[in-house]
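In: Sequence plus the predicted model coming up.
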Amino acid sequence: MNEHNQSAAFDASAAIPRHVAIIMDGNGRWAAQRHLPRVEGHRAGIDSVRDVVETSARLGIDVLTLYAFSVENWKRPQSEVTTLMGLLKRYLRIELDTLLRNNIRFQVIGRMGELPPDVQEELCRGIERTKGGTGLLFNIALNYGGRAEIVEAAKRLLSAQVRPDELDEQRFAGFLYTAGQPDPDLLIRTSGEMRISNFLLWQIAYAEIWVTDTLWPDFRMRHLLEAIVAYQKRDRRYGGIKPARTGPVGNVALSAK
Ligand code: FPP
């Protein structure tokens with residue numbers, strides 16, 4: 001489907017996911033296809049980040065979460081890690097005005113305290129400057145791991161001396177990084193891999209999953225719209241069944257019993 005058709009298929013009056021989470025993957029392969037160093041893929045991926053953040057704000061999505069750096073990503077070569085951190089700082093410095101103009105609130109989920117001090121400083125500045133934003137909440141997952149998040153939540157609730165009889169799913173969710181946010185309705189993964197990669201393990205319990213072969217640096221507004229169009233066609237049942245049909249068909253089924 002070309003860009004025009006995709007936009008035409010997009011139904012603005014149908015349900016827009018409240019929370020979209022994206023596993024940005026394929027930067028290395030994008031660079032390899034062009035005989036470029038891996039970091040060039042990350043550099044190119046910034047344009048996709050910019051496009052997706054602005055489109056999400058315009059569509060009226062409440063929360064966008066991008067998986068930028070996992071707790072496992074420290075295993076990558078030091079030069080790649082340093083470039084990624086540098087790109088992050090640069091993105092924030094360059095995009096801060098655009099985030100403010102678009103009423104976007106920026107937040108980090110993950111172990112921010114373990115990031116290099118200069119990166120933490122830039123992040124804190126972005127969080128502080130955008131905290132009044134009432135439009136899109138842009139979560140960036142940095143030094144993030146789903147299991148680590150759950151263990152940390154358990155530690156926090158033990159420190160808060162929550163009694164077993166007071167604990168339920170809603171209370172537990174209040175100890176996660178995403179406390180107070182809706183769970184992702186739509187989880188997108190680029191570059192065709194069928195993996196969750198330790199991302200938002202608790203929160204994606206009922207997320208609709210959409211995987212595209214498009215590599216992250218090629219991902220643009222039209223791909224996001226394509227994912228949302230697919231989402232709008234899904235039948236979300238949350239473990240239940242479709243509501244009983246009324247009218248002649250339902251009546252026939254009843255009288256046949
Ligand atoms: C996965 O591709 C991508 C990452 C680990 C990093 C994503 C980061 C960015 C796009 C830049 C910083 C982000 C923001 C929000 C400013 P990969 O390297 O695993 O690709 P491969 O599987 O093809 O090797």
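Out: Alright, I've got the coordinates. Numbers count the residues shown, from 1 in each chain.

In: Got phi/psi on Phe138?
Out: Main-chain torsions, Phe138, degrees, to the nearest 10: phi -100, psi 110.

In: typed the wrong thing, it's Arg93
Out: Arg93 adopts backbone torsions of phi -60, psi -40, taken as degrees, to the nearest 10.

In: measure the closest residue to it other than its chain neighbours to the ligand for me?
Out: Distances taken as Cβ to Cβ, 6 or more residues apart in numbering place Glu122 nearest to Arg93, at 6.8 Å, with adjacent residues excluded. (C-beta placed from N, C-alpha, C; glycine too.) For Glu122, the distance to the ligand equals 11 Å [Cβ to the nearest ligand atom, to the nearest Å].

In: Helices along the stretch 101-250 of the chain, start to end?
Out: 117-130, 146-159, 169-173, 221-233, 248-255 (DSSP state H, counting those that start in this stretch).

In: winner for burial among those helices?
Out: Compared across the helices of the stretch 101-250 of the chain, helix 221-233 shows the largest average neighbour count, a mean of 20 (mean count of other Cβ atoms under 10 Å).

In: need the contact list for Asp168.
Out: Taking Cβ atoms under 8 Å, 6 or more residues apart in numbering, we find Asp168 in contact with no residue.

In: Could you dump the helices of the stretch 101-250 of the chain into JSON lines with distance to Asp62 and mean pLDDT added?
Out: Formatted as JSON lines, the helices of the stretch 101-250 of the chain follow (distance: least, Cβ to Cβ, whole Å; pLDDT from 0 to 100):
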{"stretch": "helix 117-130", "distance to Asp62": "15", "mean pLDDT": "98"}
{"stretch": "helix 146-159", "distance to Asp62": "20", "mean pLDDT": "98"}
{"stretch": "helix 169-173", "distance to Asp62": "16", "mean pLDDT": "98"}
{"stretch": "helix 221-233", "distance to Asp62": "14", "mean pLDDT": "97"}
{"stretch": "helix 248-255", "distance to Asp62": "35", "mean pLDDT": "37"}
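
In: circling back to that earlier point, I figured the residue nearest to Arg93 was touching Gly86, is that so?
Out: No. With contacts counted by Cβ atoms under 8 Å, Glu122 stays clear of Gly86, the gap being 10.2 Å.

In: that older thread, please produce TSV containing the helices of the stretch 101-250 of the chain, extended by distance to Arg43.
Out: Formatted as TSV, the helices of the stretch 101-250 of the chain follow (distance: least, Cβ to Cβ, whole Å):
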stretch	distance to Arg43
helix 117-130	17
helix 146-159	27
helix 169-173	36
helix 221-233	19
helix 248-255	56
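
In: and Glu95, which of the ones you listed is closest to it?
Out: Checking these against Glu95 by Cβ to Cβ gives helix 117-130 as the closest, at 8.6 Å.

In: list the contacts for Ala154?
Out: If a contact means Cβ under 8 Å, 6+ apart, then Ala154 has Phe175 as its contacts.

In: Next one: it relative to Phe172, how far apart?
Out: 8 Å (Cβ to Cβ, to the nearest Å).

In: how about the residues of the chain that lie near the ligand?
Out: Residues of the chain lying close to the ligand (Cβ under 6 Å from any ligand atom) are 24-29, 42, 45-46, 49, 66, 68, 73, 84, 87-88, 91, 140.

In: Number of residues surrounding Ile209?
Out: Number of residues near Ile209 (other Cβ atoms under 10 Å) recorded here: 16.

In: correction: Lys242
Out: Around Lys242 there are 7 residues (other Cβ under 10 Å).

In: Off-centre distance for stretch 117-134?
Out: Its chain's C-alpha centre and that of stretch 117-134 lie 19 Å apart, by Cα atoms, centre = their mean, to the nearest Å.
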